[in-house]
Each structure stands twice: as structure tokens, then as C-alpha cells.
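> predicted model and sequence below, questions to follow.
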There are 2 protein chains.
Amino acid sequence: MAASDVKLLGASPSPYVNRVQIALNLKSIEFEFLEETFGAKSELLLKSNPIHKKIPVMIHNDKPICESLIIVQYIDEVWSSGPTILPSDPYDRAMARFWAAFVGDKWYPALKELHAEEEEAKTAALEKLMEMMALWEDAFAKCGKGKGFFGGDCIGYLDIAFGSFLGWLRVTEEVLEIKLIDEAKTPGLAGWAERFCSHEAVKGVIPETEKLIGLAKIFQARAKAQSQN
Amino acid sequence: MAASDVKLLGASPSPYVNRVQIALNLKSIEFEFLEETFGAKSELLLKSNPIHKKIPVMIHNDKPICESLIIVQYIDEVWSSGPTILPSDPYDRAMARFWAAFVGDKWYPALKELHAEEEEAKTAALEKLMEMMALWEDAFAKCGKGKGFFGGDCIGYLDIAFGSFLGWLRVTEEVLEIKLIDEAKTPGLAGWAERFCSHEAVKGVIPETEKLIGLAKIFQARAKAQSQN
């Protein structure tokens, strides 16, 4: 497959973009990464995703596909000869889709709430998030069926959907000096996170924690400057 | 298939529940409808969907599946011998998934904004929604490829995802005395809406507009009473 067949419009610190990178790596698909500049939107992005104007967008044979989880499913369906990403059993697929939606709908918003300014809001957010981490530990046992990944023996849809956020989860842990995933409370997740991040398809995709912390400081400074204007 | 194999926890005025009913009808699957009481949540619902505590939940062979669009995909995958719901081409599937997500993420919230109290907010909401209706007209032409449904010749995933909201769309049109779908501005959608609502799998599922208007009045009165407490 020529590199030009698949283009990915994205930015490397975005977990949503990382999902697509990991899925493409899993299927050994060469692609051209077109880095979007933070704070700007390229002509190609606006043309390819006129509805949401957001990354990631994957362009395959000149046709754009938007929304990270939709792209991951598309990759799995088009390159069906590679390792499968979605579970083969319909019920397992439904569970993987349920928890993958939970990441964006509930879990990540809760993670962001941890960065609230007020101490009271922060405490409430931490309590809520710790309950969610217990749910994840349980989901890992059920979906993974005692194996190494949410997808069982191999990285699958839910590993990608949730695992892509491990970089920002670690940023939160470091900045707020808390532990969200640890050997004592979430032993299943702790082992999984290590296996996931050292997997061939993932290594080098999720940026290092220090780099993300640097970026977070830049984002915060910009947001503060904007709110003062 | 014995009726007891498939149970649906729902309430008939819910478009999310209607999606599942239509998908089951399309596949000619018998099911037991367990009506949830408005304002209460049954033990079975809380047990079956402990994360979101929301309808619809479909229970198939004692296993619960939650979230309407996940259930519709599950139905399509399990009863794969019936008419297919998702398009067979991966790109068409990605488009159907994109627009189906748009219904819940953007379009329905915009429809609800129309019921704002302030005149200015209402005018802005109407303008936004009319732009979206033009997007839908365009999406219908592209996804349906000039045929009768978003799914082409037959009702498919996106027909179900969007069409299930036609009842509440008509309520909005009647109550606010506006037209969101009409022959002049959205001729494609106008014909589609008629075909969709008179389809065998849909007839009798989406409640009549007058009934929904009555319900909307009850909801409003309850919300008002709650806000005064």
C-alpha cells in the first residue's frame, strides 16, 4: 500500500489522533501524517471535516473519514485481513462499544474536572473518578476475561479507545500528585497499562509525560490569557 | 425465536427506545416490551444498566445490552440473516455512523434549544437548526444516493437513528408553528419522512404527534414544579 493512499490529519498530543495511529500500526498500514498546527485549522481539515472542523480526519483514497472511533472501526473493516480490532462475538463487540463510548462521554470529562480551581470541586471530582477507576478494573476483568488486554490476548478496540488516554492520565497523576491506576487498588489496570504502552503498535505514539506536561502549561497559559481578554 | 429470548426495557415516547423497536421489527424478531414508568426506574433497569440507569436496555438470553445505537448494531450482527441494517460498504458504514452520532451529539440538543424561553435564544436556535436541516438534506442525497432512504432502497442504520426523532420533530413544528421539513426547502427529507413513517417496521412505533404533545405538557409542568421547589 503506497503511503499516499492513507493520510492522517492530526496532532501527536491528541489521544483521539493517537487512537487512529495505533489502529493503523496494528494493521501495518503505511500512512502520511499531516500535523495540524495548534490553534490553527488547515484548509484541508476544514474541507475534510466541515461539520466538526476537528482532528483526527483520515483520508483514504481521497475520501475523508471523521471521528476517532468511527475511523478505527473503518480501518478494521477495510483491512480485514490484518489482526482484528473489534471482538468477533457480537455481545463482546457491544460491550467494547459501550465502554469505548464511556471514555469520551463520562470518564474523560471527569478527568478534566480534577483540574478545577476550587478545592471542594476537586475533591468531589477525585471521588467520582476513583469510582470510575473501580468500574474500569471490573470492566477489564469482564472484557479481557483474565487475559492481558481488554481485547483478550491482543490489543483491541477498547484497549485503543481507553489506552490512548494513558498519557494524559499520567499527566494528571503527576501534576496533582495522585494515583489513579496502581498495583493496590487497580492491579488489573496497572499491568494492562504497562503492557499496552510497551506494545509495538503503541510505542512512540503516546507522547512522553514530560512533553505533555509542558504542553498542558502552554494550554493553560493561553486559556488564562484568553479569559483575561 | 421465543418471545422470552428478547426483552426490551423502554417507554414508547422515547426515540431512543423507538430505534430498538424498529430494528427488531425490521428483523422480524419477537420481543417482550417491558414498559418503564415515567419518573421511576425498575429494579431490572437499575440492575441491567447500572452505569447510566437509562432506557433502552435490551436483554437477550439474559444478557443486557445498553445504548440505542449499540443495540441496533448488535441486532444487525446477531440476526445477520435478516435484512441488513448497516450498509455493506465500509465507507458507507462510516458515513452512516457519523451522521447517526450527529443526531444525538448536535441535532437533538439544537432541537431542544428551540424551546428556550427567551425570544433571542429561540431565534438563534432556529437559525442553527435550519442550517442543520440543510445539512441533512445534503446528507440524504449523498447517503441515499438518490434512492428512497438514507440506507438506499431499504431502511438502514441512519434512517433508524434519525427517523426515530420524527415524532418529536413534528411536536416542535406544531407547538412552535414552524416548518423544519417541507417540500420547498427540504424536498428529499419531506419524501423520506413520509416513506419512513409509513414503513411496516415503523408504523405504530413512533407515537402520534397529539399524544406526544400531551406528554410534553406533562413533562413541562413537572419540570416547572421541580424548579419551584
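Sure thing, it's come through.

> quick check: A:L126 touching A:L114?
Yes: here A:L126 lies in contact with A:L114, judged by CB atoms under 8 Å, at a distance of 6.1 Å. The way it works is simple: take the backbone N, C-alpha and C, and place the C-beta from them, glycine included.

> overlap of the contact sets of those two?
Contact criterion CB atoms under 8 Å, 6 or more residues apart in numbering or on different chains; residues shared by A:L126 and A:L114: A:I178.

> neighbour count winner among the two?
Using other CB atoms under 10 Å in any protein chain shown, the more surrounded residue of A:L126 and A:L114 is A:L114, with 20 against 17.

> mark out where each domain of chain A begins and ends.
Following automatic domain parsing, chain A resolves into domains at A:3-78, A:90-209.

> now those domains as a markdown table including mean pLDDT and distance to chain B?
Output for the domains of chain A, formatted as a markdown table (pLDDT from 0 to 100; distance: least, CB to the nearest CB, whole Å):
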| stretch | mean pLDDT | distance to chain B |
| --- | --- | --- |
| domain A:3-78 | 95 | 4 |
| domain A:90-209 | 96 | 4 |
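
> what about the ones you listed, which gets the closest to B:C154?
Smallest distance to B:C154 across the domains of chain A (CB to CB): 19.9 Å, for domain A:3-78.

> next, count neighbours for A:F102.
21.

> whoops, A:K179 was the one
Using other CB under 10 Å: A:K179 sits among 14 other residues.

> can you tell me the SS state at it?
coil (DSSP: H, G, I helix; E, B strand; the rest coil).

> where's the closest residue to it other than its chain neighbours, which helix or strand?
With CB to CB, 6 or more residues apart in numbering or on different chains as the criterion, A:K179 has its nearest non-adjacent residue at 6.0 Å, and that residue is A:E173. Using DSSP states H and E, A:E173 sits within helix A:166-176.

> contact partners of whatever helix or strand comes next after that helix?
Using DSSP H and E, the next helix or strand after helix A:166-176 towards the C-terminus is helix A:187-197. Here helix A:187-197 makes contact (CB under 8 Å, 6+ apart) with A:133, A:136-137, A:140-141, A:144, A:148-150, A:155, A:159, A:163, A:166, A:181-183, A:202-203, A:206.

> now the helices: where do they sit in chain A?
For chain A, the helices defined by DSSP state H cover A:15-26, A:43-48, A:68-78, A:90-102, A:108-113, A:119-144, A:157-163, A:166-176, A:187-197, A:209-228.

> for the most centrally placed residue in chain A, phi and psi?
When CA atoms, centre = their mean is applied to chain A, the residue found nearest the centroid is A:S164 (2.9 Å). Main-chain dihedrals, A:S164, degrees, to the nearest 10: phi -60, psi -20.

> now stretch A:147-154, how far from the chain's geometric center?
With CA atoms, centre = their mean, to the nearest Å as the basis, stretch A:147-154 stands 17 Å off its chain's centre.

> flag every buried residue along that stretch.
Neighbour-count burial for stretch A:147-154 flags A:148-152 (criterion: 16 or more other CB atoms under 10 Å in any protein chain shown).

> repeat that for stretch A:36-56.
Neighbour-count burial for stretch A:36-56, counted by 16+ other CB under 10 Å, picks out A:36, A:45, A:48-49, A:54-56.

> out of the residues you listed, which comes closest to A:P87?
Among the buried residues of stretch A:36-56, and counting by CB to CB, the member closest to A:P87 is A:P56, at 22.9 Å.

> quick one: that closest one from A:N18, how far?
Here A:P56 is placed at a distance of 9 Å from A:N18 (CB to CB, to the nearest Å).

> repeat for A:F31
Distance of A:F31 to A:N18, given as CB to CB: 13 Å.
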